[in-house]
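Participant: Predicted model, plus sequence, below.
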Protein chains: 2
Amino acid sequence: MIEIGLIGFGNVGQDIYRILNENGPFINKRIGQPINIKKIAVRSTQKYQHILSDSSLLTTDVNTIINDPTISIIVEVIGGEYPALDYITAALTNKKHVVTANKEVISKHKKHFFKMAHSNEVDIYFEAAVGGGIPIIRSLKVGFGANKINAFYGIVNGTTNYILTKIKQENKDFNTVLKQAQELGFAELDPSMDISGLDAAYKCSILAAVAFKIDSQIDEISYTGIDAITLKDLNYASELGYSIRLLAQGKRLESNEFELHVCPALIPIEHPLSSVHNEFNAVYIIGDQVGESMLMGKGAGGSPTASAIISDIMDISFGMSQKISSRNLETNFQTSSIKPLKHTLSHYYIRLSVKNKPGVLEQISLQFSEKSISIEKIIQKESNSDSAEIVIITNNIPHQHYLEVKEALTNLSVSNAIESSIRLYKNL
Amino acid sequence: MIEIGLIGFGNVGQDIYRILNENGPFINKRIGQPINIKKIAVRSTQKYQHILSDSSLLTTDVNTIINDPTISIIVEVIGGEYPALDYITAALTNKKHVVTANKEVISKHKKHFFKMAHSNEVDIYFEAAVGGGIPIIRSLKVGFGANKINAFYGIVNGTTNYILTKIKQENKDFNTVLKQAQELGFAELDPSMDISGLDAAYKCSILAAVAFKIDSQIDEISYTGIDAITLKDLNYASELGYSIRLLAQGKRLESNEFELHVCPALIPIEHPLSSVHNEFNAVYIIGDQVGESMLMGKGAGGSPTASAIISDIMDISFGMSQKISSRNLETNFQTSSIKPLKHTLSHYYIRLSVKNKPGVLEQISLQFSEKSISIEKIIQKESNSDSAEIVIITNNIPHQHYLEVKEALTNLSVSNAIESSIRLYKNL
């Protein structure tokens, strides 16, 4: 049994608790032993009693967690520099592993924490501090571990990316969109830390620590926010073939010199970072061996952040487990069945060559309606020859129905050939 | 010292050797002990002697590697089912960890290998078998380890993605582009395994094993290739707001039933997978907690594949090391300096409000040329009012020069205001 102490029980803390309940069975199987939240430190217990089946989990005394000899991992989800700095320092001193989502405290005190953890023979993990649920920290550490990382470009602030996306999409001005973002919970009531670029700058210094192994402080990183970006600029950028994104940037130069800064930038519209919309985050990296890679996902919110925190807990647990295979091998395959293709659903794109004469379209349409297939879209272009081309998009149908209509169309005297038929997904 | 035995010394094998030399110093520091390639098994030693400084590394007898008690990790990079199956089986039986890039043998024999590895208390890693340098396997295992994965959609074959991209981009037909891809080394001389979708189907079954923990075999996965996709279809798709990609798909349905298949599909043009061009690969996953995430990178080629293989070697080495911190902590920060923003280079997008009268453009241009800044692009739209708007894109200049021209423009009597100025990157 691996005992966890949780400091903080807001959105993220509650989602950690929920996920460990919901997905606990397979998470515990992977680790080889159960994870258990033993205590949760909060400012006032009353507020949370209705959420917990066992309210004796709650305490207002953080020290009962930090000093509990049975607790081996402390999860800090209160955010901000103080008192998180003191709690983490005390936990490491007491030889407890630490997992945190706190970008500010990690950005400012990473060197101190790493040294303390090392000398106390414990570990400190912070996957959730950059890019929420995106496994960017561990990918830089291990997945790209054979690479010298030459550059990173990160969309690491969901609030500003949401605002930039919506100004353009909805043709609105900055303040209107900000208000809307606040109503939807994508922006804080005081959004200044996001808008100014400071939040992204903290994350920039963390990425630089992991990618470049350098300890930059926030005052070395120049940052500009998005408050000066207007709809007009987004439209001009678009006309010129660019999108605008707030980027946390790091670049390795000659002789151990680095560029580190946060600013909005025009980037080519066909660049993968331009496909990162709304509250999504992404980090684009360039490794000397792997070349360009990008990781994209949800950068904030309780569930994605809790997902990253639990992955850190799992990583520490693998290290505590004696089984070499627990991290990697899949020895518990479940029995399953694969659905035959003919029963799977999809829209279909069908391109037909047909005879160019009156009544053809009616006959074609009839084949679809007889099989209860709706035609969602149809294109027929003008033709001067004997044959014409028709493109049809169907509604969502079983593959079997598509095969039937295909056969019917093939046998139809007015159709020359089905030139092409491809599945079509409106949503993935 | 961690001794490695390499079976195969083609492109990938040679890149593993090269990277362990080039980046060995920091890789060894991370692991806490040096990695050493002790022996390389090849069919004929002559062919490779000129590449190696120490040609005594080469052997034509695989058994000297598999039976060497000092070798703890066997790296298999010969590909194909046989004799790889025998070599891997023998290595696991001899209690050696195995790292492989071989999608076919893993797809077909994964259950057998996992059981063998487990009972021999060793591990088998195969990050390079899907998506080349993209850390998708370890992300599914650990980074998204708290999630029930509900679906994956992978562009996992670089050859077909290259062909689909080029048909559209260059307005050419399938056969012309295939020939071109073969000349550039993006397609094999016999491309049938890629074109038919079989390669993607192997990878689909591996992704299903890791994402869903099910052991699907290739005959349960229906696959269709891209040989029937024409330029016409790609153009119609584009007109309808879609791109076409070859997708390896997995979806969790009710009651332990799964959809697994490979086929080309129309997907919305604004979907992140549509931004995956040329030989790039990507896997889009949907986790029950983390939501939609995508990992993108180079899916083939010696360096990206070797990058993934070395990450697997590192993962195994962390497990063999006694230091808890070696996997994660950064205790060796290097000294570095951050380049001041004013010395960093960038193109600039500048939007000016100017007086609407003759000679203004000349005066504006003069400010730029006096600072030796070239104007790469300029937009001035018709205006009926007293003021006009000018948008300028500069060449790549130091921030300091931009600040100087900005000041000059501000002081100019014909200019009303610099409405906006944003960095612009043509390449990231």
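Facilitator: Cool, the structure landed. Keep in mind that this is a model prediction, so the values were computed, not measured.

Participant: number of nearby residues for the residue nearest to residue A:63 when sequence neighbours are not counted?
Facilitator: Distances taken as C-beta to C-beta, 6 or more residues apart in numbering or on different chains place residue A:90 nearest to residue A:63, at 8.0 Å, with adjacent residues excluded. C-beta coordinates here come from the backbone N, C-alpha and C atoms, glycine included. Neighbourhood size, residue A:90 [other C-beta atoms under 10 Å in any protein chain shown]: 17.

Participant: SS state for residue A:90?
Facilitator: helix (DSSP: H, G, I helix; E, B strand; the rest coil).

Participant: Pull out the buried residues from stretch A:245-260.
Facilitator: Burial within stretch A:245-260, assessed by neighbour count using 16 or more other C-beta atoms under 10 Å in any protein chain shown, is assigned to A:245, A:246, A:247, A:248, A:249, A:250, A:251, A:252, A:253, A:258, A:259, A:260.

Participant: Centre of the chain to that stretch, how far?
Facilitator: Distance, stretch centre to chain centre, for stretch A:245-260: 23 Å (C-alpha atoms, centre = their mean, to the nearest Å).

Participant: same check, this time on stretch A:193-212
Facilitator: Its chain's C-alpha centre and that of stretch A:193-212 lie 17 Å apart, by C-alpha atoms, centre = their mean.

Participant: do the same with stretch A:211-218
Facilitator: 23 Å.

Participant: And stretch A:374-382, by the same measure?
Facilitator: Relative to its chain's centre, stretch A:374-382 lies at 37 Å (C-alpha atoms, centre = their mean).

Participant: contacting residues around that stretch?
Facilitator: Here stretch A:374-382 makes contact (C-beta atoms under 8 Å, 6 or more residues apart in numbering or on different chains) with A:347, A:361, A:365, A:368, A:388-395, B:236, B:239-240.

Participant: Report the rounded mean pLDDT for it.
Facilitator: Averaged across stretch A:374-382, pLDDT comes to 92.

Participant: ok, now which ones touch the nearest residue to residue A:195 once chain neighbours are set aside?
Facilitator: Nearest non-adjacent residue to residue A:195, counting by C-beta to C-beta, 6+ apart: residue A:225, 4.8 Å away. Residues in contact with residue A:225 (C-beta under 8 Å, 6+ apart) are A:160, A:194, A:195, A:196, A:197, A:198, A:246, A:264.

Participant: Okay, residue A:225 and residue A:160: tell me how far apart.
Facilitator: 7 Å (C-beta to C-beta, to the nearest Å).

Participant: can you list residues touching both of those two?
Facilitator: Common neighbours of residue A:225 and residue A:160, counting by C-beta under 8 Å, 6+ apart, are A:194, A:195, A:197, A:246.

Participant: quick one: which of these sit in strands?
Facilitator: Among the shared contacts of residue A:225 and residue A:160, the members found in strands (DSSP state E) are residue A:246.

Participant: how about stretch A:168-176, does it get close to chain B?
Facilitator: No - Stretch A:168-176 stays clear of chain B (C-beta under 8 Å from any C-beta of the partner chain), getting no nearer than 10.2 Å.

Participant: just stretch A:31-51 next, same as before
Facilitator: No - using C-beta under 8 Å from any C-beta, we find that stretch A:31-51 stays clear of chain B, coming within 9.0 Å at best.

Participant: Kindly export that stretch (C-alpha atoms) in CSV.
Facilitator: Output of stretch A:31-51 as CSV, limited to C-alpha atoms (Å, rounded to 0.1, in the frame of the first residue of the first chain):
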residue,chain,number,x,y,z
ILE,A,31,1.7,-0.4,-9.9
GLY,A,32,1.4,-3.7,-8.2
GLN,A,33,0.0,-2.3,-5.0
PRO,A,34,-2.9,0.0,-4.0
ILE,A,35,-2.5,3.8,-3.8
ASN,A,36,-4.4,5.2,-0.9
ILE,A,37,-5.1,8.9,0.0
LYS,A,38,-4.5,8.8,3.8
LYS,A,39,-5.0,12.5,4.7
ILE,A,40,-6.1,15.7,3.0
ALA,A,41,-5.0,19.0,4.5
VAL,A,42,-7.5,21.9,4.0
ARG,A,43,-8.0,25.3,5.6
SER,A,44,-11.5,24.5,6.7
THR,A,45,-12.9,20.9,6.8
GLN,A,46,-16.6,21.9,6.7
LYS,A,47,-16.5,23.0,3.1
TYR,A,48,-15.5,19.5,1.9
GLN,A,49,-17.3,17.1,4.2
HIS,A,50,-20.1,16.5,1.7
ILE,A,51,-17.7,15.4,-1.0
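
Participant: Other residues contacting that stretch?
Facilitator: With contact meaning C-beta under 8 Å, 6+ apart, stretch A:31-51 is reached by A:1-9, A:13-14, A:16-17, A:20, A:24, A:27-28, A:52, A:55, A:57-62, A:64-65, A:68, A:70-71, A:313-314, A:317-318, A:321, A:323, A:326.

Participant: just to revisit the earlier point, could you list which of the buried residues of stretch A:245-260 also contact chain B?
Facilitator: A:253, A:258, A:259, A:260.

Participant: Contact partners for the last one?
Facilitator: Under the criterion of C-beta under 8 Å, 6+ apart, the contact partners of residue A:260 comprise A:204, A:205, A:208, A:216, A:220, A:221, A:249, A:250, B:338.

Participant: Of all pairs in those residues, which one spans the longest distance?
Facilitator: Maximum pairwise distance among these (C-beta to C-beta): 13.4 Å, between A:220 and A:249.

Participant: Mind picking the lowest-pLDDT entry from the buried residues of stretch A:245-260?
Facilitator: residue A:253 (93).

Participant: That residue against residue A:259, yeah?
Facilitator: Yes - contact status for residue A:253 versus residue A:259: in contact at 6.4 Å, counting by C-beta atoms under 8 Å.

Participant: what do those two both touch?
Facilitator: Residues touching both residue A:253 and residue A:259 (C-beta under 8 Å, 6+ apart): residue B:339.

Participant: Quick check: end-to-end length of stretch A:290-309?
Facilitator: 27 Å (C-alpha to C-alpha, to the nearest Å).
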